[in-house]
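Q: Mind folding the following:
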Amino acid sequence: MTEYSPGDADRTTKEPSPRHTAPRPNPDRAVPERVSAAGVAPGWRELVVAVLAYLATYGLVFLLLPLIADDAVTGVVGLFVSGAIGIVAFLAACLVRRRRLSIFGIRRARPRFLWMGVGFGLAAYLLGVVAAFVYIAATGDAQNVQTSYQSAARGSAGFLVLTLVAGSIVTPIGEELMFRGVVANVLFARLTAWVAVPLSALIFAVAHGINPVFPVAFVVGVLAALLFKWSGSIWPGVILHGVNNATALVVPLAISSLV
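A: Sure, this is the predicted structure:
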């Protein structure tokens, strides 16, 4: 006599596993946007809103900043405003779908990436100096668009401190939130790194104008985008950006004091 087990009925009536009857869905087709552990990555809507907010805020500043008569004050205010514009644009992007801030790269980074930010910041300054000289030699455009920043740095000790705080902390945070947290983030989700890195750096450079700062900004943009890609965090890029800006302010002061 054959013994009966409840498992026999299960084996005869059990439906075949879905994995045997239907192919596994392709997540890239089911969800058009990149998905990470932190949630759905920012998309074109966030990018468009951020760019529009950036341009609108920049236009308002462009109209109001010339009303300040003192060149040194203009330099300090301009640096603080540069960071504020990026922060406003970033917040506008965040409000589109109110996602976690971590998907924009606001997350802790491993210490090695933070130290890489320091090294890359110094490298960016040296490469930027070379790139600026090449640009000037090739185009003949030697205009100095940072006279107000330099005037602020050469002012009193208070002005120097404010310039360093604004140029190496506030501006890097705002610009990294905008150009890496939003712009590069969206491009990385949809393009290969070989395209997204230089394209995001080009957008960042164009935002600084077609002048001798353009190649410098492009170098910073490339290195910051690489750090963002590798670390998934904006903070290594903020450090890179801050070290580059601080070096660019302090080195000319040191040289002028020796001459």
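Q: For residue 123, which non-adjacent residue is closest in space?
A: Leaving aside its chain neighbours, residue 123 sits nearest to residue 223 (7.0 Å; criterion: CB to CB, 6 or more residues apart in numbering). Yep, even glycine has a C-beta here, placed from its N, CA and C like the rest.
Q: repeat for residue 52
A: Sequence neighbours aside, residue 92 is the residue nearest to residue 52 in space, at 7.7 Å (criterion: CB to CB, 6+ apart).
Q: cool, residue 110 as well?
A: Nearest one to residue 110, counting by CB to CB, 6+ apart, is residue 231 at 6.8 Å.
Q: For residue 107, see how far away the one you found is.
A: 9 Å (CB to CB, to the nearest Å).
Q: Who has more neighbours out of the two?
A: Ranked by neighbour count (other CB atoms under 10 Å), residue 231 and residue 107 place residue 231 first, with 21 against 15.
Q: roughly how far apart are the more buried one and residue 200?
A: For residue 231, the distance to residue 200 equals 15 Å [CB to CB].
Q: And residue 136, by the same measure?
A: Residue 136 is 25 Å from residue 200, by CB to CB.
Q: Looking at these two, which one has more neighbours?
A: residue 200 (26 against 15).
Q: What is the neighbour count of the closest residue to the more buried one other than its chain neighbours?
A: Distances taken as CB to CB, 6+ apart place residue 184 nearest to residue 200, at 3.9 Å, with adjacent residues excluded. Neighbour count of residue 184, defined by other CB under 10 Å: 29.
Q: contacting residues for residue 184?
A: 196, 197, 200, 224, 225, 228, 229 (CB atoms under 8 Å, 6 or more residues apart in numbering).
Q: coming back round to it: ok, the residue nearest to residue 110 touching residue 115?
A: No. Contact criterion CB atoms under 8 Å: residue 231 and residue 115 do not qualify, at 11.3 Å.
Q: sorry, back to before: check the residue nearest to residue 123 and give its pLDDT.
A: Predicted confidence (pLDDT) for residue 223: 98.
Q: in what helix or strand does it lie?
A: Residue 223 is part of helix 213-231 when elements are defined by DSSP states H and E.
Q: which strands and helices sit next to the helix or strand following that helix?
A: The C-terminal neighbour of helix 213-231 among helices and strands, as given by DSSP H and E, is helix 235-258. Here helix 235-258 touches helix 111-139, helix 147-153, helix 157-165, helix 171-178, helix 213-231, going by 3 or more CB pairs under 8 Å, 6 or more residues apart in numbering; DSSP states H and E.
Q: Most tightly packed of those?
A: Of the helices and strands packed on helix 235-258, the one with the most neighbours on average (mean count of other CB atoms under 10 Å) is helix 171-178, at a mean of 27.
Q: Pull up the gap between residue 228 and residue 182, please.
A: Note on residue 228: its distance to residue 182, by CB to CB, is 11 Å.
Q: my read: residue 244 touches residue 129, true?
A: No. Residue 244 sits out of contact with residue 129 when judged by CB under 8 Å, with a separation of 10.6 Å.
Q: Show me the shaky parts of the stretch 151-259 of the chain.
A: Residue ranges of the stretch 151-259 of the chain with pLDDT under 70: 259.
Q: could you redo the last one with a cut-off of 80?
A: Applying pLDDT under 80 to the stretch 151-259 of the chain picks out residues 151-156, 256-259.
Q: now the angle from the helix holding residue 223 to helix 171-178?
A: Between helix 213-231 and helix 171-178, the angle comes out at 60 degrees (axes from the mean of the first three to the mean of the last three CA atoms, to 10 degrees).
Q: separation between the nearest residue to residue 181 once chain neighbours are set aside and residue 199?
A: Closest residue to residue 181 apart from its sequence neighbours, by CB to CB, 6+ apart: residue 104 at 4.1 Å. Distance of residue 104 to residue 199, given as CB to CB: 18 Å.
Q: So for the two, which sits in the more crowded spot?
A: Taking neighbours as other CB under 10 Å, residue 104 and residue 199 compare with residue 104 leading, 23 against 16.
Q: ok so, going back, send the alpha carbons of the helix holding residue 223 over as CSV?
A: The C-alpha coordinates for helix 213-231 follow below in CSV (Å, rounded to 0.1, in the frame of the first residue of the first chain):
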residue,chain,number,x,y,z
VAL,A,213,37.8,81.2,-16.3
PHE,A,214,36.0,78.9,-18.8
PRO,A,215,38.9,76.3,-19.1
VAL,A,216,39.5,76.5,-15.4
ALA,A,217,35.9,75.7,-14.6
PHE,A,218,35.9,72.9,-17.2
VAL,A,219,38.9,71.2,-15.4
VAL,A,220,37.2,71.6,-12.0
GLY,A,221,33.9,70.2,-13.6
VAL,A,222,35.6,67.1,-15.0
LEU,A,223,37.4,66.2,-11.8
ALA,A,224,34.4,66.9,-9.6
ALA,A,225,32.1,64.9,-11.9
LEU,A,226,34.5,61.9,-11.6
LEU,A,227,34.6,62.1,-7.8
PHE,A,228,30.8,62.3,-7.8
LYS,A,229,30.6,59.2,-10.1
TRP,A,230,33.0,57.2,-8.0
SER,A,231,31.7,58.2,-4.5
